[in-house]
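J.: following is a predicted model, sequence given first.
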Amino acid sequence: MKPTTTDHEADNHEADDHEERLVHEWRVSQLTHLGIPDSMAEADADHLDWHEIAELVRRGCPPLLALRIVR
């Protein structure tokens with residue numbers, strides 16, 4: 001027999017999805033503020049540490065080069 005999803009479990013899943021989307025959007029905004037183009041920030045936001053890029057940019061590294069280094 002296939003397990004069923006309760007309303008409570010479905011609500012928790014929706015809340016988790018919403019929170020993950022908010023975190024993703026925040027990461028994208030951090031990357032774009034550093035000078036990373038929107039499309040690249042959107043694609044990479046969940047796969048790298050934006051703090052590393054920020055540190056490189058702070059030290060004078062161009063944003064796209066910083067992204068290449070951290071990738």
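T.: That came in fine, so what should we check first?
J.: and the gap between the residue nearest the centre of the chain and Glu9?
T.: Note on the chain: the residue nearest the mean C-alpha position is Ala45, at 3.0 Å, using Cα atoms, centre = their mean. Distance, Ala45 to Glu9, using Cβ to Cβ, to the nearest Å: 27 Å. Glycine gets a C-beta too; all of them are placed from N, C-alpha and C.
J.: over to His33?
T.: In terms of Cβ to Cβ, His33 sits 36 Å off from Glu9.
J.: how about the helix ranked longest in the chain: buried residues?
T.: Longest helix of the chain, by residue count under DSSP state H: helix 7-33. Residues 27-28, 30-32 are the ones in helix 7-33 that count as buried (16 or more other Cβ atoms under 10 Å).
J.: how about stretch 47-54?
T.: Here stretch 47-54 shows 50, 53-54 as buried, counting by 16+ other Cβ under 10 Å.
J.: quick one: it to chain centroid distance?
T.: Taking Cα atoms, centre = their mean, to the nearest Å, the mean C-alpha location of stretch 47-54 is offset from the chain mean by 9 Å.
J.: ok, residues contacting it?
T.: 27, 30-31, 34, 36, 63, 66-67, 70-71 (Cβ atoms under 8 Å, 6 or more residues apart in numbering).
J.: having no further points to raise, I will conclude here.
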